[in-house]
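Undergrad: Got a predicted structure plus its sequence, pasted below:
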Amino acid sequence: AATEDYSLETDDNKIGVEKALETVDAAGGGTTNDDDDTESQFSDLYTAHHKQRYAPLSTFFVICQVIILPLMMWQCGVAPLEMNPMIGPYPDALNYWGAKNAVLIIDDGELYRLVTPIFLHAGLIHLAGNVLVQIDSGNRWEKEWGSLIWIIVYLGSAIGSSVLSVIAMPDQISVGSSGAIMGLFGAKFAEIIVLLCEKGRTVRELAAQESRKEQRVHVIFGIVIVMAMSFIPYVDWAAHLGGLVVGFFIGLVCFSFTMRNKFGTVFWLGVGIAGGIILYSTFIAIMFTTETDDQMRDICGYYQQHFE
C-alpha cells in the first residue's frame, strides 16, 4: 500500500536506497520478462513518498469546472469573440454564476465570491489550460501531501488570490482556478525550501527527495505558464500573484512539521505563521477600504459601454 513504511532498516531484502534509485534510472530503456518483477519493485520507489493512491479532491474540482462552463454557455449563450476570445459566455453570465466582483463583495457582503471563481472559467481555452495543469500537478501533489494539506492550500490560496484581485482590480470581474493552482505551486516551492537540507534515511524519504529535485524546474515552469495566462480576459495577474504568495506561506506552515530538525521546524513554522497572518490581515484590511464602482452592479450595461 502507498502508506507502508519503506524503511530500509526493517526491510528483509536490505536494498540500498541509492543503489535502488540508480537501478531505476538505468532501467529506462525497456525490460525483459525476467526483469519485470525487479522493475516493478524499483518503480515503486518513485511513488513511495505518496501518502495516498488517488487524488479525489483535485479530481472533484476538475469535474465541477468541466461541467459548469458548458452549463453557463448553454444557459446564457456564447459571447462574440471580440467580447470573449476564450470562446465562452457573456460577462453577465460569469457574474451571475459567482465571478469575483468587488462592489458585490465589499458593499453587499457577498463574501462567497472570494471562493466561487475557482469553479468558473472565461471560456474553453481558459478551462483547458487550467484543467491540464491541475490534472497533472494538482493530482500528483494531492497524492504526495494527502487530501487535507492539499485542500487547505487550495482553498486558502483561492481566497487570498481573490482578495488581492479585489484590491488591485476592483473595476473588473474575474474567474478561474489559476489563483488556487498558483497556491499549489507556491506550497510546493515552500516544501522544496523547507526540506532542502533534510537527508533521506528511508526509501520513502529518498524518493521524496529525488522527486523534489526533479520538480524544481517543473515548479518554475508552471509558475511562468500560469502567470502568462494573467492577461486573458476576466483573469487577472493579481489573483495569480495572491494565490502564489499565500500558498507559499501556507506551505511553510504545513511542511515545517515534516522536518526532523526541531530548530528548523520552529523556524519555518514561525516564518509561515507570522508571514501568513501579516499577509492576510493586511490584504483584508486594504480590501475593505478599496473604492468600488457602482456601475459594476450592472455587468451587462457596464460591458455594453465598452463593446458597442
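TA: Structure received.
Undergrad: and the closest residue to Asp107 other than its chain neighbours, how many neighbours?
TA: In space, not counting the residues next to it along the chain, Asp107 is nearest to Thr292; the distance is 5.8 Å by CB to CB, 6 or more residues apart in numbering. Yep, even glycine has a C-beta here, placed from its N, CA and C like the rest. Each residue near Thr292 was counted by other CB atoms under 10 Å, and the total is 18.
Undergrad: Is it correct that Ile152 is in contact with Cys254?
TA: Yes - counting by CB atoms under 8 Å, Ile152 touches Cys254, with 6.8 Å between them.
Undergrad: For Gln65, report the pLDDT, please.
TA: The per-residue pLDDT reported for Gln65 equals 97.
Undergrad: just checking, it touches Leu127?
TA: Yes - with contact taken as CB under 8 Å, Gln65 and Leu127 are classed as touching, separated by 6.4 Å.
Undergrad: Find the residues that touch each one of these two.
TA: Where contact means CB atoms under 8 Å, 6 or more residues apart in numbering, the residues bridging Gln65 and Leu127 through contact with each are His121.
Undergrad: And the contacts of stretch 75-82?
TA: Defining contact as CB under 8 Å, 6+ apart, one finds that stretch 75-82 is touched by 84, 87-93, 96, 307.
Undergrad: Any buried residues in that stretch, and which?
TA: Applying a neighbour-count criterion of 16 or more other CB atoms under 10 Å, the buried positions in stretch 75-82 are 76, 78-79.
Undergrad: what's the weakest-modelled helix or strand in this protein?
TA: helix 36-43 (a mean of 46; mean pLDDT, DSSP states H and E).
Undergrad: Please convert the buried residues of stretch 75-82 to CSV, extending it with pLDDT and secondary structure.
TA: Rendered in CSV, the data for those read as follows (pLDDT from 0 to 100; DSSP: H, G, I helix; E, B strand; the rest coil):
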residue, pLDDT, secondary structure
Cys76, 85, helix
Val78, 92, coil
Ala79, 90, coil
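Undergrad: the more surrounded of Ile152 and Cys254?
TA: With other CB under 10 Å as the criterion, Ile152 and Cys254 differ in neighbour count, and Cys254 comes out ahead with 24 against 18.
Undergrad: I'd guess that one is in a helix, am I close?
TA: Yes - under DSSP: H, G, I helix; E, B strand; the rest coil, Cys254 sits within a helix.
Undergrad: in which helix or strand would I find the residue nearest to it when sequence neighbours are not counted?
TA: The spatial neighbour of Cys254 that comes closest, neighbours along the chain excluded (CB to CB, 6+ apart), is Ile149 at 5.0 Å. Secondary structure assigned from DSSP states H and E places Ile149 in helix 147-168.
Undergrad: Quick check: buried residues in stretch 117-133?
TA: Along stretch 117-133, the positions that meet the burial threshold by neighbour count (16+ other CB under 10 Å) are 117-123, 125-127, 129-131, 133.
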